[in-house]
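Asks: Take this sequence and fold it.
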Amino acid sequence: MEIKSQMPLRARRLAPLLCLGFVLAGPVWAASWADRAGTMNRREISAGEAQERGGEKDKDRRDKISMRRVRPATKTCDWDADPTGLPSGMYQFNKRTDLPVYINNDGIDVATNEIFEYTVLYFTAHSGFSFNEKEVANLSLWLKRGGSLYLDDCYLRGSTFGESVRPEVARLMPGSEPAMLFKEDARVADAFRMLYPTAWPGDEPSFENRPWQYYLLDERPAVLFSPNDDGCAWEYSTPPTASNPLGEPIGHGGDNRQREVVFQWLTNVLLFMYTH
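Replies: Numbers count the residues shown, from 1 in each chain. Sure, this is the predicted structure:
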């Protein structure tokens, strides 16, 4: 198999952080913006506009934080659910860290060598999935070379997507078993405190949420699984503004105070996947 870059992913993933000195600066929100947001006029925007607003048009992704969504060969899998979620989430990551981001909301074919150009892949859907043999072989090699896979059940109450996670991860990483992601576990103790000292998923009292799971590969948390439909909470139906920095929410992602917690989780976990 011809791979475009021979540098290990775990080495390349640190480049944008080292180049910028890992200087992180989180914003300070006005106390009443979440209340004012509810009175704003609503304007639905497309996934394309979300991507344009969320990041640079420049196709150069060197030294930039990025996360591509998985497009499996399974025809019945709705992998493109929450179409504004990833651009909105990466926009928020950029604003909270000042780290440059590259946003591409197109689905990536995981059977191709293109996945070796990315450190993190994101996969969400409502429906079940099954990777074909070529996808399994390619993803397995990518994970062994340091890639991190972020899985997100697109239905908060559980779905056939969530039911597919354990058997499909076992195909990618034979012998792997899920572990609950708790703050008492030293292997993932930094996952939700890289920048923000947040409550762990499952401990946050302000809205319904459940603990995450993770899968180890060579003692590294290579696959993280959220059962909480994070992508729906990232989504927005209006662009961010001074009076509404998160954009007005859509779907069942909660109100803006709850979404603030979810954006903090994304910031923390994306930094974790790039550095672990």
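
Asks: Quick check: phi and psi on Ile103?
Replies: With angles defined as degrees, to the nearest 10, Ile103 sits at phi -120, psi 120.

Asks: scratch that, Ser66
Replies: phi -150, psi 160.

Asks: what about it, how many neighbours?
Replies: Counted with other C-beta atoms under 10 Å, residues neighbouring Ser66 total 19. No exception for glycine: its C-beta is placed from N, CA and C like everyone else's.

Asks: Please apply the same query to Asp106.
Replies: Per other C-beta under 10 Å, the neighbour tally for Asp106 reads 11.

Asks: Who are the contact partners of it?
Replies: Taking C-beta atoms under 8 Å, 6 or more residues apart in numbering, we find Asp106 in contact with Arg68, Arg69, Arg71.

Asks: Return the residues in contact with the last one.
Replies: I take that to be Arg71. So Arg71 contacts Trp79, Asp80, Asp106, Gly107, Ile108, Asp109, Val110 (C-beta under 8 Å, 6+ apart).

Asks: With just CA atoms, put stretch 219-228 into CSV.
Replies: Output of stretch 219-228 as CSV, limited to C-alpha atoms (Å, rounded to 0.1, in the frame of the first residue of the first chain):
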residue,chain,number,x,y,z
GLU,A,219,-2.1,1.2,25.8
ARG,A,220,-3.4,4.3,23.9
PRO,A,221,-7.1,5.4,23.9
ALA,A,222,-7.4,5.1,20.1
VAL,A,223,-11.2,5.0,19.8
LEU,A,224,-13.5,7.2,21.8
PHE,A,225,-17.3,6.7,21.8
SER,A,226,-19.9,9.2,22.9
PRO,A,227,-23.5,8.0,23.3
ASN,A,228,-24.7,11.6,23.7
